[in-house]
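Visitor: A structural model of the following input is requested.
(one chain, ligands or ions: 1)
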Amino acid sequence: MARPYAEVIGDPIAHSKSPKIHGFWLEALGIEADYRATHVAPHALPAYFAARKADPDWRGCNITVPHKIAALEHVEDREDMRSAIGAINTAFRDADGALVSTNTDAAGFAAPLKACDLAGKSVTVIGAGGAGRAVLYALAGIGVGPVTLFNRNVDKGAALLSSFGMKGQALPIGEAVPPGALVVNATSLGMTGQPPLHLDLSALPDDAVVYDIVYAPLETGLLAAARARGLATIDGLDMLIGQAAVAFERFFGAAPPRERDAELRKILLG
Ligand code: ATR
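Guide: Numbers count the residues shown, from 1 in each chain. Model prediction:
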């Protein structure tokens with residue numbers, strides 16, 4: 001057999017940070033395997049999966065835009081991510097050899113929150129798209145209390161809350177953030193080239209945490225405002241590395257060396 005490998009597929013794909021993350025961990029652990037970025041156009045997705053399923057060296061793939069829904073047709077969705085999150089981002093071979101899928105975004109999002117006691121607490125989420133769905137799925141799993149969901153399209157926000165059976169309210173972006181333990185930006189607002197996200201954080205208690213899934217720039221306007229108020233923050237690289245860590249274990253059967261996150265973050269920002 002040749003060297004085992006995994007990869008990230010998308011269209012476009014050149015911007016992906018996944019090869020740097022998985023490559024760093026493979027080298028750190030001395031695992032003889034590769035992780036690469038592979039451009040797959042939408043029409044080529046069926047042929048891609050057919051070829052990889054027949055390749056014994058292939059351990060699986062991360063799946064990014066625009067394949068996160070279409071890829072469901074080529075894998076066994078044993079965790080029912082189609083109804084839970086509506087999308088997958090990882091395919092790998094299960095112990096029985098079947099090609100199965102998961103969505104590591106929710107676990108990657110939740111990982112940095114492990115130290116926070118959020119059960120039953122009020123939280124605020126901005127965004128009701130694909131990322132917002134993964135965030136709400138994770139927060140439902142944590143068992144948070146009422147959710148204030150800000151979204152430009154308020155009806156979409158309300159529909160998302162009710163699809164998870166969560167208590168709370170949907171509001172337009174711009175209203176003041178109510179008191180609560182956590183605020184999460186799950187939109188692209190604040191990302192380089194996108195409009196900024198202006199939120200009034202004055203009602204938050206001093207022990208609230210502000211979490212932005214945007215990582216370019218790393219310090220978004222939201223995180224800068226939170227820091228200026230003395231609040232704890234979690235940035236988008238934490239989630240990016242967290243979701244990759246869950247996938248890495250599935251591909252290569254080893255836990256990544258998370259004690260070296262500081263070094264990895266420098267590489268990703270360099
Ligand atoms: P993703 O998978 O990254 O979540 P998406 O499914 O397209 O992408 O969702 C984008 C999210 O960002 C949505 O919450 C969207 O608001 P709408 O549901 O009202 O469309 C939000 N968003 C994107 N651009 C925005 C903008 N310029 N102003 C306000 N919200 C924006």
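Visitor: what number of residues lie near residue 96?
Guide: 7 (other CB atoms under 10 Å). From N, CA and C alone the C-beta is placed, and that goes for glycine too.
Visitor: near the ligand, which residues of this protein?
Guide: 127-132, 151-153, 156, 173, 187-189, 195 (CB under 6 Å from any ligand atom).
Visitor: Out of these, which is nearest to the ligand?
Guide: residue 129 (1.8 Å; CB to the nearest ligand atom).
Visitor: For the closest one, give me its contacts.
Guide: Applying CB atoms under 8 Å, 6 or more residues apart in numbering, we find residue 129 in contact with 186, 187.
Visitor: about what we covered before: closest one of the residues of the chain next to the ligand to residue 99?
Guide: residue 130 (22.1 Å; CB to CB).
Visitor: hang on, the earlier thing: which ones among the residues of the chain next to the ligand map onto helices?
Guide: 130, 131, 132, 156 (DSSP state H).
Visitor: Which two of these have the greatest separation?
Guide: Across those (CB to CB), the longest gap, 13.2 Å, separates 131 and 156.
Visitor: I'd like to know how many residues surround residue 183.
Guide: Neighbours around residue 183, by other CB under 10 Å: 25.
Visitor: same thing with residue 188?
Guide: With other CB under 10 Å as criterion, residue 188 counts 16.
Visitor: now swap in residue 238 and tell me
Guide: 21.
Visitor: And for it, nearest residue in space, chain neighbours not counted?
Guide: Leaving aside its chain neighbours, residue 238 sits nearest to residue 112 (4.4 Å; criterion: CB to CB, 6 or more residues apart in numbering).
Visitor: what's the answer for residue 81, then?
Guide: residue 103 (4.7 Å).
Visitor: hang on, the earlier thing: how close does the residue nearest to residue 238 sit to residue 211?
Guide: 7 Å (CB to CB, to the nearest Å).
Visitor: which residues do the two both contact?
Guide: Common neighbours of residue 112 and residue 211 (CB under 8 Å, 6+ apart) are 234, 239.
Visitor: Show me which of those two is the more surrounded one.
Guide: Neighbours were counted for residue 112 and for residue 211 using other CB under 10 Å; residue 211 has more, 26 against 17.
Visitor: Which residues does that one form beta bridges with?
Guide: residue 184, residue 234 (DSSP bridges).
Visitor: Any regions of the chain where pLDDT drops low?
Guide: Residues of the chain meeting the criterion pLDDT under 70: 1.
Visitor: residue ranges for the helices of it, please.
Guide: 18-29, 45-53, 81-84, 104-110, 130-142, 154-163, 221-228, 236-252, 261-269.
Visitor: Tabulate those helices (JSON lines), appending distance to residue 39.
Guide: What follows is the helices of the chain, written out as JSON lines (distance: least, CB to CB, whole Å):
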{"stretch": "helix 18-29", "distance to residue 39": "13"}
{"stretch": "helix 45-53", "distance to residue 39": "10"}
{"stretch": "helix 81-84", "distance to residue 39": "24"}
{"stretch": "helix 104-110", "distance to residue 39": "21"}
{"stretch": "helix 130-142", "distance to residue 39": "21"}
{"stretch": "helix 154-163", "distance to residue 39": "31"}
{"stretch": "helix 221-228", "distance to residue 39": "32"}
{"stretch": "helix 236-252", "distance to residue 39": "19"}
{"stretch": "helix 261-269", "distance to residue 39": "21"}
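Visitor: and residue 46, how many neighbours?
Guide: 12.
Visitor: Which residue is the nearest non-sequential neighbour of it?
Guide: In space, residue 46 is closest to residue 74, 6.8 Å off (CB to CB, 6+ apart).
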